[in-house]
Structure formats: structure tokens, C-alpha cells
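S.K.: the amino acid sequence is not available; the structure is as follows:
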């Protein structure tokens, strides 16, 4: 399975993946998912929001145990973030069958669409729509860098955008959702553990900062006569780092757009996107407020107007304690539970946590690198993740 999926959407130059929502690479990933369901005799479903499901047992019976993740990527992303959870889910089904385990509850593998938000700027669109945390109207109006709406992109890919929206009946079928994911950090590696259990997801969000100045000639405009938004933007980036450092939080400007974009021109507009995360919502709010305050102070000195728009926000997620503790016990060796650790990364499991009991398993990442072609997990650790997931599914659905 891993070899079959490895080439899909991979850029030959960077070695990273560009599997953006509702593009040909995404279509190829979806075809792969459907094929994997078919070869296992699982019942395949495509829901109203474009999420894919493969069922073992009767979905209508309810109280299903669901596992899976996503197949899309960030720009030049790694091979493991998302796909490891989907591949491992199918492999865990194979392992259960090899053990002769007989599920008493329905089992399902899911591929949630547009988890990374790389094309339309909002993460976890498929799961947000399903859980009713994103309206159909707002979703259809999302636009990519070329101005293509999500609705238009879905139509081009053969999906009906008029059908999208909250899906409470589907969620009512789910008794538990367990997402396996490569760890995005080094906690497991530093502790010497191949697999761990998530405790919580830090609150996080995305903010767009618009810095509006005055376009002018780079070679003839005196420094003191300039209204250069790039200068204000640069100061804001440094302020973000300092605010995050002082608060023990995270703040990153990872995307920028410049108009008019000439090498020999002072910009009229610099638009930067901030990603910020913290251990609690109060700290996160203080960090972002500090960054915004620094941006406005700098803009006042530079003659640059500053506008800030919050584009998305996900509050702190504590995974269901009973499910989390049961997973840790199921994976414990010699009565020692598996390590339980928090994460600063968002996931579909975090979105669904408000509607159904959810939990996550992490597979060791020896470098801690993620959202990069250098993302890595050793084969033995991936196999340990499959075994752990199969143990969890057997404990939840077969006993």
C-alpha cells in the first residue's frame, strides 16, 4: 500500500507532496482509497462533504469504531502526515482478520477531505462540515490563490457542492474515533517509545495581517519618504517570535503575498498569515494581542495601515479521558501504560471531539520534522503503530 501511494502528488524537484484538495493528485489519492476498500470487500461510501468511508459491518447498526486520517498535504509536505493513519487503518483491518478477531461493532476506515487547508486556507474542512463547525455557505465561498471557489473546485472534481453541510446522522453512527498519526515532535523519541497516546491538542488559529503602504520606485524614493509595508511586516515577524518566546507559546508567519511584487518597487500591500498556538486559550489570546499591538505600533511609525482578520480558530481539545486511558492501558506492556502526551498540531480528531469520543495514537518521529519532505518514521515503528492500532480496534470492537 505504501509503495502504491508514495508516488501520488510528489514533486520531482522538491521531493515533497502537493496533494491539494480537489486537484488531480487528490483525485488519485481518492481512487487509491476506494481500491483499498474494494480489495478488502469493505463497503465504500462517499459522504455529502467528500469524505470517504470503508465499512466492515453494517453502518446502520451504530456505535461504530472508526479509524483513519487524511491523504492531502501541505505544500511540499512529507509522506507520513495523514497517509500513515489511513494506510495503518487498512493494515490494522488486515491484522484483525489475520488474528481471527470477530468485531461485535461495525468498523470503518475514513479519509477526511481537505484536512491541511493548503489550497483554501482553512484546515479540516471535511470534518468541520460534518461536525457542523463550518457552514455550507462559508465553505462554498472559500477561495484559493487563483480565486477559484471551493464550490467550483468540487464541481470540477465531480462532487456536488450543493450537498455539503452538517451530517449529524452520520456522526450518530460513530461510537468512537481513533486517529493514528506520525508524531510532529520528538517526545516519543526522547522517551524511547515507538507509540504513544495523545492527551490534548493545544488551542490554535490563523490570522491574516494586511499591511497597506504606498507603492513607489525602489531606486528614487528617499528612505524617509517611504511608506513601506514590508518594513512593518518584518518588524511584526520579529515581534511574533519574541511574544511567543516570552509566553512559552508558538507563533509563525509561514505565508506571505506581496503587491505589486516587483523587485525594483516598494510594495503597496504585504499580506502575511500568522499561525499561533499555546497551551491554553488565555495565553494564546495574549500572544496574538501582543503581536497585533506591535504591528500597529510599527505601522504608525512607518506610515502603514494595519488590518488583522482571524481566519480560523480551534479551542483546546482534551480527548475523552475514559477512551484515552483505555487506549493507554490496552497498549501497556507489563502493566505499564503507554506514554500520554499533548500536541500543538491540529487534527480531524480534534474537530470531531465535540461530537463523538475521540482519541489519537502517535508513531515515533526520530527527527521531529514534519510538514517537510524530511518527515520520517522508521518501518519498525510504523509496524508497531499498526499492531497498536489493531490492538485498540480489537479491544474496542471485538471484546
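M.R.: Thanks, I have the structure now. Remember, predicted model here, so these are calculated numbers, not experimental data. Numbering: from 1, shown residues only.
S.K.: what is the mean pLDDT for the helix or strand hosting residue 327?
M.R.: Counting by DSSP states H and E, the element that carries residue 327 is helix 321-330. Taken as a whole, helix 321-330 has a mean pLDDT of 88.
S.K.: chain center to the next helix-or-strand element following that helix, what's the gap?
M.R.: For helix 321-330, the following helix or strand on the C-terminal side (DSSP H and E) is strand 340-343. Taking the mean of its C-alpha atoms, strand 340-343 sits 16 Å from the chain's own mean (C-alpha atoms, centre = their mean, to the nearest Å).
S.K.: the helix or strand that strand 340-343 is followed by: which residues count as buried?
M.R.: Where DSSP H and E defines the elements, the next helix or strand beyond strand 340-343 is helix 348-352. Going by neighbour count (16 or more other C-beta atoms under 10 Å), the buried part of helix 348-352 is 348, 349, 350, 351, 352. C-betas here are computed from N, CA, C, even on glycine.
S.K.: now do the contacts for residue 329.
M.R.: residue 337 (C-beta atoms under 8 Å, 6 or more residues apart in numbering).
S.K.: before we move on, the earlier item: between the buried residues of helix 348-352, which is closest to residue 175?
M.R.: residue 352 (12.1 Å; C-beta to C-beta).
S.K.: the closest one contacts residue 358, doesn't it?
M.R.: Yes - taking C-beta atoms under 8 Å as the definition, residue 352 is a contact partner of residue 358 at 5.2 Å.
S.K.: which residues are in contact with each of those two?
M.R.: The contact sets of residue 352 and residue 358 overlap at residue 177 (C-beta under 8 Å, 6+ apart).
S.K.: for the buried residues of helix 348-352, which one is nearest residue 309?
M.R.: Distance to residue 309, by C-beta to C-beta, is smallest for residue 351 among the buried residues of helix 348-352, at 21.3 Å.
S.K.: surely the closest one is in contact with residue 132?
M.R.: No - Residue 351 is beyond contact range of residue 132, at 10.2 Å (criterion: C-beta under 8 Å).
S.K.: which residues touch the nearest residue to residue 43 once chain neighbours are set aside?
M.R.: Distance criterion C-beta to C-beta, 6 or more residues apart in numbering; nearest residue to residue 43, sequence neighbours excluded, is residue 55 at 4.3 Å. By C-beta under 8 Å, 6+ apart, the contact set of residue 55 is 42, 43, 44, 45, 64, 106, 107, 108.
S.K.: filter the residues you listed down to the buried ones, ChimeraX style.
M.R.: Buried residues within the contacts of residue 55, as defined by 16+ other C-beta under 10 Å, are selected in ChimeraX through the command that follows:
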select :42,64,106,107,108
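S.K.: among the contacts of residue 55, which ones are in helices?
M.R.: In helices, judged by DSSP state H, none of the contacts of residue 55 are found.
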